[in-house]
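A.B. asks: This is a predicted model, with the sequence first.
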Amino acid sequence: MIKSMTGFGKMTIETGNKKIVIEVKSLNSKQLDINLRIPNLYKEKEMEIRNLIKNWLERGKIDVCIYFDNSETEKAVSINSLVVEQYFKQMLEVANTLGVEINNNELLQTIMRFPDTLKQPSEELDEAEWLQLKAGTEKALEMTDLFRKREGEVLIKDILHRIDLIKAYAAEVPQYEGKRIEGVRQRLQEKMKEWQEIQNIDQNRMEQEIIYYLEKLDITEEKVRLANHCQYFIETVEKEEAPGRKLGFIAQEIGREINTMGSKANDHDIQKLVVHMKDELEKIKEQSLNIL
């Protein structure tokens, strides 16, 4: 199943006196880029959490945030009196040395923002709590994966619609080729009359130049290759589960044929169709970047 790289999942679990929130956000990226933010209590399990993320979400920019919501543990903070007292004494000594008047209340407020003025009791991770956290994380990742699947369905439907539009525009090209060929024929006939007036012209060289000129204007190969690339694009979508990178490469080949067709066309109506095809292709390329 085609998946988008955009997703979101959130899970809340309660264990003991803790309420733990797990949030997962996913965006498109060329590689797997994991940004994990977790409380210090769970740092020892960071690698296991990263492996869970890697198993569920193969690619993308993944932001995972695990935090306590109204946690008693967060509230169990005490003032480190010894550190505060040392800061206070030292600041007073510096102020006296410099002859600076200082407000004790303001000084105390400033000191409370210094490092280590607050202390939190250390806590060890309980195995039962870890198992609950692990299950909750997997559930949040599963929700993100489901979100990606739903987004992927919408995304690929839009992309295939645009491939159909490119094929439809390409199918309109032949109706203008008769007029185009007639215009080329008339220009060649006029040039032939001019050349006949020139003496000592090399007939073989002239025939070679005419053939070369006609080959440069022929877009038959481009039309065939464009049709083949569009079909390959559709087959890749149908057969592969994570075709994002490959679809990007195929889109480049489609663009190459469209560009060549436009440069060879030398016809206003065909070039208008080429512009429409380019417009749809740019939207396909942009959308394909978000496919897993």
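C.D. replies: That came through fine. Residues are numbered from 1 along each chain as shown.
A.B. asks: what about residue 46, neighbour count?
C.D. replies: 11 (other C-beta atoms under 10 Å). C-betas here are computed from N, CA, C, even on glycine.
A.B. asks: now the host helix or strand of residue 135: mean pLDDT?
C.D. replies: Using DSSP states H and E, residue 135 sits within helix 127-172. For helix 127-172, mean pLDDT rounds to 96.
A.B. asks: which strands and helices sit next to it?
C.D. replies: strand 7-15, strand 18-27, helix 46-56, strand 60-68, helix 220-239, helix 244-265, helix 268-288 (3 or more C-beta pairs under 8 Å, 6 or more residues apart in numbering; DSSP states H and E).
A.B. asks: Which one, of these, ends up nearest to residue 81?
C.D. replies: Across the helices and strands packed on helix 127-172, residue 81 has its closest neighbour in strand 60-68 (25.4 Å, C-beta to C-beta).
A.B. asks: Select, out of the helices and strands packed on helix 127-172, the one closest to residue 141.
C.D. replies: From the helices and strands packed on helix 127-172, taking C-beta to C-beta, the stretch that ends up closest is helix 46-56, at 3.9 Å.
A.B. asks: I'd like the helices and strands packed on helix 127-172 as a markdown table, with mean pLDDT appended.
C.D. replies: Listed next are the helices and strands packed on helix 127-172 as a markdown table, based on pLDDT from 0 to 100:
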| stretch | mean pLDDT |
| --- | --- |
| strand 7-15 | 94 |
| strand 18-27 | 94 |
| helix 46-56 | 96 |
| strand 60-68 | 95 |
| helix 220-239 | 95 |
| helix 244-265 | 94 |
| helix 268-288 | 95 |
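A.B. asks: Dump these into a markdown table; add distance to residue 83 as well.
C.D. replies: Listed next are the helices and strands packed on helix 127-172 as a markdown table, based on distance: least, C-beta to C-beta, whole Å:
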| stretch | distance to residue 83 |
| --- | --- |
| strand 7-15 | 32 |
| strand 18-27 | 27 |
| helix 46-56 | 29 |
| strand 60-68 | 24 |
| helix 220-239 | 62 |
| helix 244-265 | 53 |
| helix 268-288 | 55 |
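A.B. asks: Now do the end-to-end distance for stretch 2-18.
C.D. replies: 38 Å (C-alpha to C-alpha, to the nearest Å).
A.B. asks: picking up where we left off before, please identify which of the helices and strands packed on helix 127-172 is closest to residue 33.
C.D. replies: strand 60-68 (4.7 Å).
A.B. asks: got a list of contacts for the closest one?
C.D. replies: Residues outside strand 60-68 that contact it (C-beta atoms under 8 Å, 6 or more residues apart in numbering) are 5, 7, 18-29, 32-39, 42, 49, 53, 74, 133, 137, 140, 292.
A.B. asks: From those, list just the buried residues.
C.D. replies: 5, 7, 18, 20-26, 28, 38-39, 42, 49, 53, 133, 137, 140, 292 (16 or more other C-beta atoms under 10 Å).
A.B. asks: rewinding a little: so for residue 127, which of the helices and strands packed on helix 127-172 sits nearest?
C.D. replies: strand 7-15 (11.4 Å).
A.B. asks: just checking, what packs against that closest one?
C.D. replies: Looks like strand 7-15 contacts strand 18-27, helix 127-172 (3+ C-beta pairs under 8 Å, 6+ apart).
A.B. asks: Just want the angle from the last one to helix 220-239.
C.D. replies: Helix 127-172 and helix 220-239 meet at an angle of 150 degrees, taking axes from the mean of the first three to the mean of the last three C-alpha atoms, to 10 degrees as the criterion.
A.B. asks: okay, the angle between helix 127-172 and strand 60-68?
C.D. replies: 150 degrees.
A.B. asks: quick one, helix 127-172 and helix 268-288 angle?
C.D. replies: Using the same axes, to 10 degrees: helix 127-172 against helix 268-288 is 170 degrees.
A.B. asks: Compute the inter-axis angle for helix 127-172 and strand 7-15.
C.D. replies: With the same axes, to 10 degrees applied, the angle from helix 127-172 to strand 7-15 works out at 170 degrees.
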